[in-house]
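A.B. asks: coordinates only, sequence not included:
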């Protein structure tokens, strides 16, 4: 594993008495693509702004390469930021925007020229040097913002919902481009988004936040398959979250029945939350299913149908290419590995 | 359909403009190009005499002095006004309105009244000299004189410099300043490389709004200059009120207008180079 480049220790930030970030601990490794994910107001942008130097933590310490940087101003940090609405300099053209940081660092003119040429190639904007930034499309402005930050060769690049203003198709393209860029230039990306799909697609590590508290840190697969609590399960993807009781290791009861599962380490008869992903439930004939129910609604979603099935005292969401009409009696089938048990109220 | 209906709303203004701006302008141009008795149309004949008189030494001196004083007062208004605009734009919201009031309230008061107030402050036996003598200091004789005229101009026109610059500054996206800091610029670098260039449209508006009334004023120079500081505004006013020479007064007005138009054209070149995020008030 590569070394830690940024560390946040017990960091807290309040605005007028309201806690935005509550005592978080987090480290970020070199060359990692890490995403801070959560609903708006969860503290992800505040965390990013503290790393960038635009906010100072009220409590706790931030370390960069082992040096405490709490009160180091942004212009002295080896970190660059891609801002939410790009924050390009409208009085400068594309070339001058990208050259801004290099000129301040007093880098020789021909070196600036060379690096900007290279950057424009990387973000696929060759020939746009003299263009006015206002004349560019959202995606192009986005790429100028990325080029302007990357050309300074920071150790860490911060990205604050950089794709938020783009349409879906362009967003998907830019996601791939950003991932490729990160691999090519080999620097740490810290990415903030509220879009869980974006986070799962791009990141090496996802940090799920809510109410200023880190809910879970893990790889996208971990976060999706093994959510730590109800919030994470609910926020990442669609889930059926059912209240249940853990009778003993590998045996959980919900919907009035006992099921085998792969989870252990709970107290005897501990109340738990059980997660089953809608795509993990299979529809069968009623007698073949583990739970019997009636279809109450069907919505066509393109790739699959989304059906609500009432049965076992719960309304299950099921995603399947196999459509059953409203009112049909069906059976629900799932395997022990599809059941994920979480501690209640954690 | 909608477009046509919207056009109708513009008609009253167009009529107003034609009656009170376009026709009078042509009348001024007409009188400037003729000589004779204005009350007897048959006596009027084409003549460039009035324009020739403008180049009389005395008149040229007044014109040059007008531009010199207007230029100095505009410059001083800029150097006094920009920092104020910057402070108002960046200060906390609760102090912002109070500060803005300081600059707005004087405008609500009558222009003459404000200038008379300066007279009673600056006159030989005025407030300033009484204060100085009370403190045992020698009296100043700035009124009547150019210094008093300049002070009057700056006092009266400073808000017109502050407001357009403030408007542009307050519209600058804070994240742009953060971006400059992020890219390595300290506060001074951010000001000269980002804030100042982005506020050029406001500066252009401010300069225009101070320079134009300053160059054509006659009240300030009359009251605070004590009749000795005759500016082009005073010359024009005298031709109509004192000498009844409408032809020469019109010629002076046309000359003043042409010079102002030229300076505006020069300024608007600056503006169109930076036509983003600006607040063209003029």
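C.D. replies: Received the coordinates, thanks. Keep in mind that this is a model prediction, so the values were computed, not measured.
A.B. asks: quick check: the residue of the stretch 1-150 of chain B found nearest chain A vs residue A:15, distance?
C.D. replies: Ranking the residues of the stretch 1-150 of chain B by distance to chain A (C-beta to the nearest C-beta) places residue B:92 first, at 12.8 Å. C-beta: built from backbone N, CA, C; applies to glycine. Distance, residue B:92 to residue A:15, by C-beta to C-beta, to the nearest Å: 15 Å.
A.B. asks: which residues sit against the worst-scoring helix or strand of chain A on mean pLDDT?
C.D. replies: Lowest mean confidence among the helices and strands of chain A (mean pLDDT, DSSP states H and E): helix A:168-185, at a mean of 86. Residues external to helix A:168-185 that are found in contact with it (C-beta atoms under 8 Å, 6 or more residues apart in numbering or on different chains): A:33, A:122-124, A:138-139, A:142-143, A:146, A:150, A:157, A:159, A:162-163, A:166, A:189, A:191, A:198, A:201-202.
A.B. asks: get me the contact residues on chain A for chain B.
C.D. replies: A:52-54, A:73-75, A:79-81, A:83-85, A:87-91, A:100-101, A:104-105, A:134, A:148-149, A:152 (C-beta under 8 Å from any C-beta of the partner chain).
A.B. asks: buried subset of these?
C.D. replies: Neighbour-count burial (16 or more other C-beta atoms under 10 Å in any protein chain shown) applied to the residues of chain A next to chain B gives A:52-54, A:74-75, A:79-81, A:83-85, A:87-91, A:100-101, A:104, A:148-149, A:152.
A.B. asks: identify those among the residues you listed that sit within helices.
C.D. replies: Using DSSP state H, A:52, A:100-101, A:104, A:148-149 are the members of those that sit in helices.
A.B. asks: my guess is residue A:310 contacts residue A:296, does it?
C.D. replies: Yes: using C-beta atoms under 8 Å, residue A:310 is in contact with residue A:296, at 5.3 Å.
A.B. asks: run a quick neighbour tally on the residue of the stretch 1-150 of chain B closest to chain A.
C.D. replies: Counted by other C-beta atoms under 10 Å in any protein chain shown, the residues lying close to residue B:92 total 6.
A.B. asks: okay, it: pLDDT?
C.D. replies: Looking at residue B:92, its pLDDT is 88.
A.B. asks: end-to-end on stretch A:157-165?
C.D. replies: End-to-end distance for stretch A:157-165: 19 Å, by C-alpha to C-alpha, to the nearest Å.
A.B. asks: now that stretch: average pLDDT?
C.D. replies: 89.
A.B. asks: tell me the buried residues in it?
C.D. replies: A:157-163.
A.B. asks: excluding chain neighbours, what is closest to the residue in chain A sticking out farthest from the centre?
C.D. replies: For chain A, the residue at maximal distance from the C-alpha centroid (C-alpha atoms, centre = their mean) is residue A:287, at 40.6 Å. Among residues not flanking residue A:287 along the chain, residue A:331 sits closest, at 6.7 Å (C-beta to C-beta, 6 or more residues apart in numbering or on different chains).
A.B. asks: isn't the one you found up against residue A:281?
C.D. replies: No: applying C-beta under 8 Å as the test, residue A:331 and residue A:281 come out as separate, 10.2 Å apart.
A.B. asks: what about these two, which has more around it?
C.D. replies: residue A:281 (23 against 18).
A.B. asks: how near is that one to chain B?
C.D. replies: 45 Å (C-beta to the nearest C-beta, to the nearest Å).
A.B. asks: list the residues that contact that residue.
C.D. replies: Residue A:281 makes contact with A:240, A:316, A:318, A:320, A:332-334, A:338, according to C-beta under 8 Å, 6+ apart.
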